[in-house]
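Asker: Let me see the structure of the following:
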Amino acid sequence: MTFAGTWSDLSRVGRASDGGYRRFAWTREDHTLREWFAGEAQARGLDLVTDRAGNQWAWWGDPDATPGVVTGSHLDSVPGGGAFDGPLGVVSGFAALDLLRERDVTPARPLGIVNFVDEEGARFGVACAGSRLITGVLDADRARALRDADGVSMADALRTAGRDPAELGPDAQALRRVASFVELHVEQGRALVHTGDPVGVGRMIWPHGRWRVELRGEANHAGTTPLADRRDPMLDLAALIAQVRRAAEDAGALATVGKLRVDPNGVNAIPSQVTAWLDVRASEESAVRAVLASLAAYAPQEESWTPVTVLDADLADVVAGALGDPPRLGTGAGHDAGILAAAGIPTAMLFVRNPSGISHAPAEDADEADCVAGIDALAAVLGRLLT
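Answerer: Here you go, the predicted structure:
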């Protein structure tokens, strides 16, 4: 099975006319993606297992007899996302397995390929929900109560998708099957463009989190209410956004207000309330906390937090040794690899060059030759870990 053919089959799902993707958890598109994953596993004679959060695991060998090496990523997207963030790691996992079989590698332990559900958190607001649930970082009751922009709870979305929300929770059995995890991902920046390398090795994941801010005002008529009499929360929003930018610059952090909910959201009505979501990341936790401290008057409410994650140094050395010592990169993007690493599973990451440097947008890109180089690199790493 060729990379190009497998990639072409997947690339049609959830694609909009502008080239961006909308692949949210527990939707029709997500169902199609899960069927695609199951089909790829079946075509290779792999055993398909679904854990308590709905993450899909395709196994070559028996991980209950001997814990295995796992690779993979996720298939969901942000609104208007690119093609490569997540899916490249899943497709590369299957392609690397194919390479190992072509090379007559006899693994001494099982190999698994995983599709983590709801990594982006685009629908319910919590990133890496699938891996957070099975590791116990995300409380199951809280997860079931999370609601999307239409007011649909995760529990109801699971029921609609044919799953029992009561199953959500930590899954020690799923984690016991994983001896180590290697996630391949498109680079979400241009470091590899500058070094001239097609593939790099992850070093650490920056601390990052999401916060919600509620700005309350008073609903009223846009055409009859004097400016002096208005309690318009949109003005507070403008002040918040400006303060977020200043605080990020002062702290050396990255901070974004990228999602809003306006009530009642009418063009001729002064809003009664605005809800804003804030994303803050930095190489040091102190910088993130400095941004939040400057916003104390807005009372931001934490929705998710991931501390700095230093990826396994010994495993990174194995990866680097297999690839001839490629560049080692830190990243400000969150990944399921970070959640597993924090849970004590030896974890490594590979990054494939992105010529545009753009991610979470239609211009996200990777040349086919670099994708193939990434598959070769992943197969080399897996081959060392499996034998």
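
Asker: C-alpha from now on. contacts and neighbour counts both.
Answerer: OK.

Asker: So what does residue 15 look like in phi/psi?
Answerer: phi -90, psi 130 (degrees, to the nearest 10).

Asker: Adjust the sequence numbering to begin at 4 for everything that follows.
Answerer: Happy to do that; since the first residue is 4 now, the last one works out to residue 18.

Asker: hey, what's it bridged with?
Answerer: Taking DSSP bridges as the rule, residue 18 bridges to residue 24.

Asker: Double-check it against residue 11; I have them as touching.
Answerer: No - applying CA atoms under 8 Å, one finds residue 18 not in contact with residue 11, separated by 12.0 Å.

Asker: Looking at those two, which is more packed in?
Answerer: Applying other CA atoms under 10 Å to residue 18 and residue 11 shows that residue 18 carries more neighbours, namely 19 against 11.

Asker: measure that one to residue 371 for me?
Answerer: 19 Å (CA to CA, to the nearest Å).

Asker: Next: residue 27.
Answerer: From residue 27 to residue 371 the distance is 26 Å (CA to CA).

Asker: quick one: which of those two has more around it?
Answerer: Taking other CA under 10 Å, residue 27 and residue 371 do not tie; residue 27 has more neighbours (24 against 11).

Asker: which stretch of helix or strand covers the more buried one?
Answerer: Under the criterion DSSP states H and E, no helix or strand holds residue 27.

Asker: Now for it: which residues touch it?
Answerer: 33, 79-81, 121, 125-126 (CA atoms under 8 Å, 6 or more residues apart in numbering).

Asker: Go again with 10 Å.
Answerer: Contacts for residue 27 (CA atoms under 10 Å, 6 or more residues apart in numbering) come out as 17, 33-34, 78-82, 120-127.

Asker: now swap in residue 108 and tell me
Answerer: 100, 102, 386, 389-390.

Asker: Helices along the stretch 204-353 of the chain, start to end?
Answerer: Listed from the start of the chain, the stretch 204-353 of the chain has helices (DSSP state H, counting those that start in this stretch) covering 236-254, 288-297, 316-326, 339-345.

Asker: From the chain's centroid, how far away is the last one?
Answerer: Meaning helix 339-345. Remark: helix 339-345 is offset 11 Å from the chain centroid, using CA atoms, centre = their mean, to the nearest Å.

Asker: what does the first one give?
Answerer: Once both centres are worked out by CA atoms, centre = their mean, helix 236-254 turns out to sit 26 Å from its chain's centre.

Asker: between it and helix 288-297, how many degrees?
Answerer: 150 degrees (axes from the mean of the first three to the mean of the last three CA atoms, to 10 degrees).

Asker: Could I get the buried residue list for helix 236-254?
Answerer: 236-237, 239-240, 243-244, 247-248, 250-251, 254 (16 or more other CA atoms under 10 Å).

Asker: can those go into a markdown table with extra columns for pLDDT?
Answerer: Shown next, in a markdown table, are these (pLDDT from 0 to 100):
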| residue | pLDDT |
| --- | --- |
| 236 | 98 |
| 237 | 98 |
| 239 | 97 |
| 240 | 98 |
| 243 | 98 |
| 244 | 98 |
| 247 | 98 |
| 248 | 98 |
| 250 | 98 |
| 251 | 98 |
| 254 | 97 |
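
Asker: so where is this structure shaky, pLDDT-wise?
Answerer: The chain contains residues with pLDDT under 70 at 4.

Asker: could you pull out the strands for the stretch 254-390 of the chain?
Answerer: Using DSSP state E, counting those that start in this stretch, the strands of the stretch 254-390 of the chain run over 257-266, 272-273, 276-284, 304-309, 312-313, 331-334, 350-355.
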